[in-house]
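>>> sequence and computational prediction follow.
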Amino acid sequence: MHSSAAQIAPSASLEQPQVTVAPTAFLVALNDYLISRYSAPQTESAHLANHPAAQNPAARSQNPHTPFANRFTGGVTTHLPAGRHNRTPGRSLKNSDYDTVNLIAKGLPAHQHPVSRLRGPLAAVILAAAPLASTADEATNAAPAKAEKPPPLPLHQIEGSGGIFSTLSAYLVNPPRDGEPVGRPAAGFSFVDLGYGRELYSLTATETPWKRLELGFAYENFNLGDLPQDILHQTGLNVSDQSVSLYNANARLQLLKENEFDQKWVPALTFGAHYKYNDTINNLDHDLHGTLTSVGIRDNSGVDFTLYASKLFTFLPRPVLLELGGRATKGVWTGLAGFTEDYSFLFEGNIGVFITDNLILAAEYRQMPNNYTPIVVNGETVVGKSSDWWTIDAAYIINRHWTVALGYGHFGQVLNHQANGTWGITTKYEF
């Protein structure tokens, strides 16, 4: 993800060590070894007199060895010429390599150990391999570095967009990495236990085909718990469905990237459109003889519009992420209880603190609309007035692909019971 929040997590990349060998220095070191190991005993004066270096006083002051060559010679630096004494300026290193081979051949006596008979083929092999090694090293150095995957942030929100549990983020999920034409998908799962048998399951998926566009989908299944029994007890009406299914299709466009135009104060800014379809609410309304329609819950589908800004503050002891947004919606309990005819304009947002590079503590707040009349039968609440949501969450980055979060929620009245002190879990995997 190309976002500040993703970039603060640890970058655990391992670089392969590279060793560069100077062919000329290696041959000189090999020459020293062969002379000292296999040549016949000679007096120091004779040895120096016959040494090619004696023929060129200027060359005697030159030292062709490098630290790499010294490593091969055990740290001993031997004063030998870089090439022939008649080497002219501008000659290539390749010529110098051949000069060194000639030096090896001339420096060894004819009656040396039989291994010296291999000096010609050995030198040829080394000279043939040296350009290949040099070419391979140059190719390795020239190869572009593979784009490293950023940490898997943001999470998947229960409605199938990038966010935390119930609120969104202006950052997009798993956008294309540098050099990639499209982003890679991400999949998630969420579970919230609201008590009294009411459970919410959500399967989420996102794909960010371009760096500024995120597409998302979520399937939510909400178990009604003991609501059908309460309705039967209070009204004598039998409700055939025990759960509600809600489908979410999302498209979010990032209008501004964080710090765009080289302005450090610019937040990320993202606009979203979210289509929701409830395939159960009409059946429930039919079983209740149009009661939901009469209280203002008239539709089984609706479109939410969101606008979110996200900014990471790094001047504090630990990074702090602030995300604020607005939502226009017709949904009752995000659409799980159907949709009204009129839009409500609501505030929502979250704040997160990176306790460590892998552990994030966050708090969320989300307003809920009340464009309907609560249903009360014989003094008992069947469908109560919705309350604003807030949660406290802890997210942990397991690795570069997988994130998991636990949440504690306060949801107020949900249908026929309070849902405070509830727990949930969400996880997401990025490919």
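That came through fine. Remember, it's a predicted structure, so these values are computed and weren't measured experimentally.

>>> distance of Gln234 relative to Tyr275?
From Gln234 across to Tyr275, the span is 34 Å (CB to CB, to the nearest Å). Using the backbone N, CA and C atoms, a C-beta is placed for each residue, glycine as well.

>>> which stretches of the chain form helices?
4-7, 23-38, 44-50, 57-60, 67-72, 93-107, 119-142, 227-235, 281-287, 291-294 (DSSP state H).

>>> hmm, back to that, Gln234 and Tyr275: who's more crowded?
Gln234 (17 against 14; other CB atoms under 10 Å).

>>> wait, that one touches Gly379, no?
No - in this structure, Gln234 is not within contact of Gly379 by CB atoms under 8 Å, at 9.3 Å.

>>> and the closest residue to Val404 other than its chain neighbours, what does it touch?
Sequence neighbours aside, Thr427 is the residue nearest to Val404 in space, at 4.4 Å (criterion: CB to CB, 6 or more residues apart in numbering). The neighbours of Thr427, taking CB atoms under 8 Å, 6 or more residues apart in numbering as the test, are 188-190, 402-405.

>>> pull the residues that contact stretch 280-292.
231, 235, 237-241, 243-245, 293, 297-298, 300, 337-338, 375, 383.

>>> buried residues in that stretch?
280-281, 284-285, 287-288, 291-292 (16 or more other CB atoms under 10 Å).

>>> how about stretch 203-215?
204-208, 211, 213-215.

>>> output the below-cut-off pLDDT ranges for the stretch 101-250 of the chain.
101-147 (pLDDT under 70).

>>> quick one: the strands in it, in order.
155-156, 162-163, 186-195, 198-210, 213-223, 243-256 (DSSP state E, counting those that start in this stretch).

>>> looking at the ones you listed, which is buried most?
strand 162-163 (a mean of 30; mean count of other CB atoms under 10 Å).

>>> show me which of the contacts of Thr427 is closest to Val173.
Nearest to Val173 among these: Gly188, at 9.1 Å, using CB to CB.

>>> which strand residues bridge the closest one?
Thr204, Lys428 (DSSP bridges).

>>> ok, it to Gln157 distance?
Applying CB to CB to Gly188 and Gln157 gives a distance of 9 Å.

>>> what do you get for Thr314?
Taken as CB to CB, the span from Thr314 to Gln157 is 24 Å.

>>> list the contacts of Asp241.
With CB under 8 Å, 6+ apart, Asp241 has these contacts: 224, 228, 280, 283-284, 287.

>>> please repeat the previous calculation with a cut-off of 7 Å.
Each residue near Asp241 by CB atoms under 7 Å, 6 or more residues apart in numbering is listed here: 280, 283-284.

>>> before we move on, the earlier item: out of the buried residues of stretch 203-215, which comes closest to Ser310?
Glu214 (13.1 Å).

>>> just checking, that closest one touches Asn174?
No - counting by CB atoms under 7 Å, Glu214 sits too far from Asn174 to count as a contact (8.7 Å).

>>> which residues do the two both contact?
Taking CB under 7 Å, 6+ apart as the criterion, Glu214 and Asn174 both touch 206, 208.

>>> returning to that earlier point: what's the closest of the buried residues of stretch 203-215 to Trp265?
Among these, and counting by CB to CB, the member closest to Trp265 is Lys211, at 21.3 Å.

>>> now the closest one. Nearest residue, chain neighbours left out?
Nearest residue to Lys211, sequence neighbours excluded (CB to CB, 6+ apart): Pro175, at 4.8 Å.

>>> I'd like to know how far the one you found sits from Gln157.
Look at Pro175 and Gln157: by CB to CB, they are 17 Å apart.

>>> of these two, which one has the most company?
Neighbour count, other CB under 10 Å: between Pro175 and Gln157, Gln157 has more, with 28 against 24.
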